[in-house]
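Student: okay, sequence plus prediction incoming.
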Amino acid sequence: MLTSQSRMFLLSLLCLYSAVNGAYYIIDGTSYYLEENIKVPWDEALSDCQNRSMTLVSFETRREFEKVVQFLYYSVHDLLWIWTGGHRTANTSSWNWDAGSSITEFHWAEFQPNLPQDEDACINFCGLYKAWDDDECLLQLSYMCEEVHENEVPVI
Ligand SMILES: [Ca+2]
């Protein structure tokens, strides 16, 4: 039996946990973690996903993007701008997912991408706008992790 003191301690830990952490969701059969409470630069978002044995969300297919966007659009998280694993290293023109594969299908918002070529750029998206934006990777945003599929190995 727990003493009332240790019960209180466990309860306060639980409250702390729920106050600072996001939640896991299954969307179209894939597991995602959405961090809606803490906003961090892209690098930190990537580390947190790796600590969860996940990767930052990557949209290899239109179906996956549409399913995730649909989920967000009809949730309370529709206005969040969320880091994906998409990024471009300064002075290169290729956009890649953090797992290493190059991005072949883009969902840019109007007038995007608009960061200068000589800056590192990271891709975020928003459920309400159903589109991508490129931003400086140091910008602090929410982020979404995705379970690692067997054919993807996250770069650590
Ligand atoms: Ca932009």
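Tutor: Good, I have the coordinates.
Student: can you map out the strands along this protein?
Tutor: 23-27, 30-40, 54-56, 81-88, 121-126, 131-136, 141-147 (DSSP state E).
Student: mind listing the strands the first one pairs with, and their directions?
Tutor: To tie it back to what came earlier, the one meant is strand 23-27. Looking at strand 23-27 with DSSP bridges, its partner strands are strand 30-40 (antiparallel).
Student: list the buried residues for the strand it pairs with?
Tutor: Residues 32-36, 39-40 are the ones in strand 30-40 that count as buried (16 or more other C-beta atoms under 10 Å). All C-beta spots, glycine's among them, are computed from the backbone N, C-alpha and C.
Student: which one of the residues you listed is nearest the ion?
Tutor: residue 39 (17.0 Å; C-beta to the ion).
Student: leaving out the residues flanking it, which one is nearest to the closest one?
Tutor: Leaving aside its chain neighbours, residue 39 sits nearest to residue 140 (4.1 Å; criterion: C-beta to C-beta, 6 or more residues apart in numbering).
Student: isn't the one you found right up against residue 45?
Tutor: No - shown here, residue 140 and residue 45 do not form a contact pair, counting by C-beta atoms under 8 Å, at 9.4 Å.
Student: which one of these two has more residues nearby?
Tutor: Neighbour count, other C-beta atoms under 10 Å: between residue 140 and residue 45, residue 45 has more, with 29 against 13.
Student: who touches the more buried one in this structure?
Tutor: Going by C-beta atoms under 8 Å, 6 or more residues apart in numbering, residue 45 touches 35, 56, 83, 141, 143.
Student: what would those residues look like in JSON lines with distance to the ion and pLDDT?
Tutor: JSON lines is the format used below for these (distance: C-beta to the ion, whole Å; pLDDT from 0 to 100):
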{"residue": "35", "distance to the ion": "21", "pLDDT": "97"}
{"residue": "56", "distance to the ion": "17", "pLDDT": "97"}
{"residue": "83", "distance to the ion": "13", "pLDDT": "98"}
{"residue": "141", "distance to the ion": "12", "pLDDT": "98"}
{"residue": "143", "distance to the ion": "17", "pLDDT": "98"}
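Student: top of those by neighbour count?
Tutor: Result: residue 83 is most packed of the contacts of residue 45 (other C-beta under 10 Å), 32 neighbours.
Student: relative to residue 77, how far out is the closest residue to it other than its chain neighbours?
Tutor: Of all residues not flanking residue 83 in the chain, residue 143 sits nearest, at 4.0 Å (C-beta to C-beta, 6+ apart). According to C-beta to C-beta, to the nearest Å, residue 143 stands 12 Å off from residue 77.
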